[in-house]
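Novice: My questions are about this predicted structure, shown below with the sequence.
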Amino acid sequence: MPDAPKHSVSVAAAVIDQDQRVLVLRRRDNGRWEPPGGILELSESIADGLRREVREETGLRIQPETLTGVYKNLPRGIVALVFRCRAAGGALTPTDEADDFRWLHRSQLAAALTPAYAVRLTDALDYTGSASIRTHDGEHVLAGL
């Protein structure tokens, strides 16, 4: 079906430290705080794409631990896979994509991030063995299972 709508798949890392804080970055292009991540390339595995995106945006090497959520941006057709991760080396370094970083506690997420991004990180922090599945409009959460 050549005219069928296309979806893209993105990955994001909920990098959580020993104090249960989660890493966020400030994007250079729009000034928003978000978890590190981006669009998968066609030829890479999900885990390799996640590691690449985090390294490119932050300078950190990460170890993915578990899938904590699946999120769909309905207007843009982007399906995001979010993984709970731990840092495994490297150092936070400003990049072409991110100019600042913060480690935030759960209570700080709603004030710093849009609801569509904050929920990804709270879901990762609250993960109990079953991944969350939610839809959003790019900013606000619309539904979840």
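Specialist: Thanks, I have the structure now.
Novice: how about the helices of the protein, start to end?
Specialist: 46-58, 106-112, 115-125 (DSSP state H).
Novice: The shortest one: which residues count as buried?
Specialist: Meaning helix 106-112. For helix 106-112, the neighbour count (16 or more other C-beta atoms under 10 Å) marks 108-109, 112 as buried. C-beta here means a position set from N, CA and C on the backbone, and glycine is covered the same way.
Novice: residues contacting Glu65?
Specialist: Listed by C-beta atoms under 8 Å, 6 or more residues apart in numbering, the contact partners of Glu65 are 83-86.
Novice: same deal with Ala88?
Specialist: Going by C-beta under 8 Å, 6+ apart, Ala88 touches 60-63.
Novice: Mind checking which of these are buried?
Specialist: Using 16+ other C-beta under 10 Å, the buried ones in the contacts of Ala88 are 60, 62.
Novice: Quick one: low-confidence residue ranges for the protein.
Specialist: Along the chain, segments meeting pLDDT under 70 span 1-2, 4-5, 145.
Novice: and of the helices of the chain, who's closest to Thr95?
Specialist: helix 46-58 (5.7 Å; C-beta to C-beta).
Novice: could I get that closest one in PDB with only the CA atoms?
Specialist: Extracted in PDB, the C-alpha atoms of helix 46-58 (Å, rounded to 0.1, in the frame of the first residue of the first chain):
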ATOM      1  CA  ILE A  46      16.600  -0.900  19.300                       C
ATOM      2  CA  ALA A  47      19.300  -1.300  22.000                       C
ATOM      3  CA  ASP A  48      22.000   0.000  19.600                       C
ATOM      4  CA  GLY A  49      19.900   3.000  18.600                       C
ATOM      5  CA  LEU A  50      19.100   3.800  22.200                       C
ATOM      6  CA  ARG A  51      22.800   3.700  23.200                       C
ATOM      7  CA  ARG A  52      23.800   5.800  20.100                       C
ATOM      8  CA  GLU A  53      21.200   8.500  20.800                       C
ATOM      9  CA  VAL A  54      22.100   8.800  24.400                       C
ATOM     10  CA  ARG A  55      25.800   8.900  23.700                       C
ATOM     11  CA  GLU A  56      25.300  11.500  20.900                       C
ATOM     12  CA  GLU A  57      23.200  13.800  23.100                       C
ATOM     13  CA  THR A  58      24.900  13.500  26.400                       C
END
